[in-house]
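> got a structure for you, letters missing:
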């Protein structure tokens, strides 16, 4: 499957998960997250994606899950003042360029500040996923006001 096809698959996945993805020309895909009043768009530019290690099922993953979590944790601490207090929720992999280029999606939740009523009705904690390329790089997100995307 070609790079353009995988970019569309990733963009469709992101759109379903987090709202419409707005990949720029030259990007293979985009991971978009929202938290409070901001939107965080993590692009996957072609030159960066192509420099990451390749991986296929059955091979050893070039970056350990622990190293990916540490890279994502560093990014969370950079993005949010209380980032050190965020809880790790999920570690998963998805392809980010083509069938041989993958990335981790590391999800965290902020400290629980829900009201008793929100907890009682089952209002979930927000989750925020940070993509980590298999070379350990987190591409800096473009941060915009959420109002601009309504």
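Received the coordinates, thanks. None of these values were measured; they are calculated from a predicted model.

> quick one: terminal-to-terminal distance for stretch 132-143?
Across its full length, stretch 132-143 reaches 17 Å between end residues, using C-alpha to C-alpha, to the nearest Å.

> now do stretch 118-133
Start-to-end, stretch 118-133 (C-alpha to C-alpha) is 35 Å.

> and that stretch, how far from the chain's centre?
On the basis of C-alpha atoms, centre = their mean, to the nearest Å, stretch 118-133 sits 13 Å off its chain's mean C-alpha point.

> Give me the buried positions along that stretch.
Using 16 or more other C-beta atoms under 10 Å as the test for burial, stretch 118-133 gives 125, 127, 128, 129, 130, 131, 132, 133. The way it works is simple: take the backbone N, C-alpha and C, and place the C-beta from them, glycine included.

> Return the member of the residues you listed nearest to residue 68.
residue 132 (4.3 Å; C-beta to C-beta).

> contacting residues for residue 131?
By C-beta atoms under 8 Å, 6 or more residues apart in numbering, residue 131 lies in contact with 31, 42, 44, 96, 103, 104, 105, 106, 138, 139.

> ok, so of these, who is nearest residue 55?
So of those, ranked by how close each gets to residue 55 (C-beta to C-beta), first place is residue 103, at 9.8 Å.

> re earlier: who wins for neighbours among the contacts of residue 131?
Neighbour tally across the contacts of residue 131 (other C-beta atoms under 10 Å): the maximum, 30 neighbours, falls on residue 103.

> For that residue, name its beta-bridge partners.
residue 94, residue 133 (DSSP bridges).

> Which residues are in contact with it?
44, 52, 93, 94, 95, 96, 131, 132, 133, 134.
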